[in-house]
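> Provide a 3D model corresponding to the input given below.
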Amino acid sequence: MTRPREDSMSIVFRDLLILLALLMLTLVVLLIPLIKVQQESTRTEIEKAASDMIAEITWAPDSPADIDLWANAPKKNENVGYASPYGEIFNLVRDDLGRDVDFSGLNYEFIFSRGIPDGRYRFSIVYYSDNGMGNTPVDVNISIRYREGRLMHVVYEERMTLEYPGQEKGVISFEMRDRQLIEESKSFEPFEIFHGTLRRLEK
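Here you go, the predicted model:
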């Protein structure tokens, strides 16, 4: 029993379809690396611009307390926190008001910088309100890092306890030069950022 023979037009049409499919597959294979490179480049530029230095605080997610993070940058001595969230160097990205005021399930604040100009940087935390919790002490986790290329370097990671509403604790001050941490410049002497800012704003 012989198999029916295909006519010449059917063969040509089938071959054209195969060639088109192979061409499409080749184009996809060639384009994938370009798409990946473009996405990686965009992601990297965004990260570079938005997080040269980043400071974060977290505290217990079930706590109604409102804890604030404050930063002081060397340029024009700018102070950034909830009352003045935007500066030339730092921006407060998230102001967390405590468990009962937002519904994220997290108690988390962070500040990032655009650029790292030379000079001294300072960070503090403030027990802004207990939101009816009754003056309960709050443990606060703090992380401060800066970027060098694709690497993030830790400046400070520790836990501190705020005892009562209104209390401010200076976390750390340090100097940066040519985008590098001057290790011996780290200082843990007491200082305030928040209360000084309030006094200035009230004038």
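
> only C-alpha atoms from now on, for both contacts and neighbour counts.
Fine.

> so Y127 sits against P165, correct?
Yes. Judged on C-alpha atoms under 8 Å, Y127 makes contact with P165 at a distance of 4.8 Å.

> span of stretch 63-78 from start to end?
Across stretch 63-78, the terminal residues are separated by 30 Å (C-alpha to C-alpha, to the nearest Å).

> so which bits of it are buried?
Within stretch 63-78, the residues that count as buried by 16 or more other C-alpha atoms under 10 Å are 63-75, 78.

> for stretch 109-129, what is the average pLDDT?
Mean per-residue pLDDT for stretch 109-129: 94.

> any idea how far apart the tips of it sit?
15 Å.

> okay, R177 and F194: tell me how far apart.
25 Å.

> when the two are compared, which one has more neighbours?
Between R177 and F194, counted using other C-alpha atoms under 10 Å, F194 has the larger neighbour count: 30 against 12.

> is it true that the more buried one touches W70?
Yes. Under the criterion of C-alpha under 8 Å, F194 makes contact with W70 at 6.7 Å.

> give me the common contacts of the two.
Shared contacts of F194 and W70, defined by C-alpha atoms under 8 Å, 6 or more residues apart in numbering, comprise G81, S124, V126.

> then stretch 146-165 to PDB, C-alphas only?
Output of stretch 146-165 as PDB, limited to C-alpha atoms (Å, rounded to 0.1, in the frame of the first residue of the first chain):
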ATOM      1  CA  TYR A 146      25.700  52.600  52.300                       C
ATOM      2  CA  ARG A 147      26.300  51.500  48.800                       C
ATOM      3  CA  GLU A 148      29.600  51.000  47.000                       C
ATOM      4  CA  GLY A 149      28.900  49.700  43.500                       C
ATOM      5  CA  ARG A 150      26.700  46.700  43.900                       C
ATOM      6  CA  LEU A 151      27.700  46.100  47.500                       C
ATOM      7  CA  MET A 152      26.000  47.400  50.600                       C
ATOM      8  CA  HIS A 153      28.300  48.100  53.600                       C
ATOM      9  CA  VAL A 154      27.000  48.100  57.100                       C
ATOM     10  CA  VAL A 155      27.700  51.200  59.200                       C
ATOM     11  CA  TYR A 156      25.600  50.200  62.200                       C
ATOM     12  CA  GLU A 157      23.200  47.400  63.100                       C
ATOM     13  CA  GLU A 158      21.900  47.200  66.700                       C
ATOM     14  CA  ARG A 159      18.900  47.200  69.000                       C
ATOM     15  CA  MET A 160      18.100  50.100  71.300                       C
ATOM     16  CA  THR A 161      15.300  50.600  73.800                       C
ATOM     17  CA  LEU A 162      13.200  53.700  74.100                       C
ATOM     18  CA  GLU A 163      11.800  54.000  77.600                       C
ATOM     19  CA  TYR A 164       9.000  56.600  77.400                       C
ATOM     20  CA  PRO A 165       7.100  58.900  75.000                       C
END
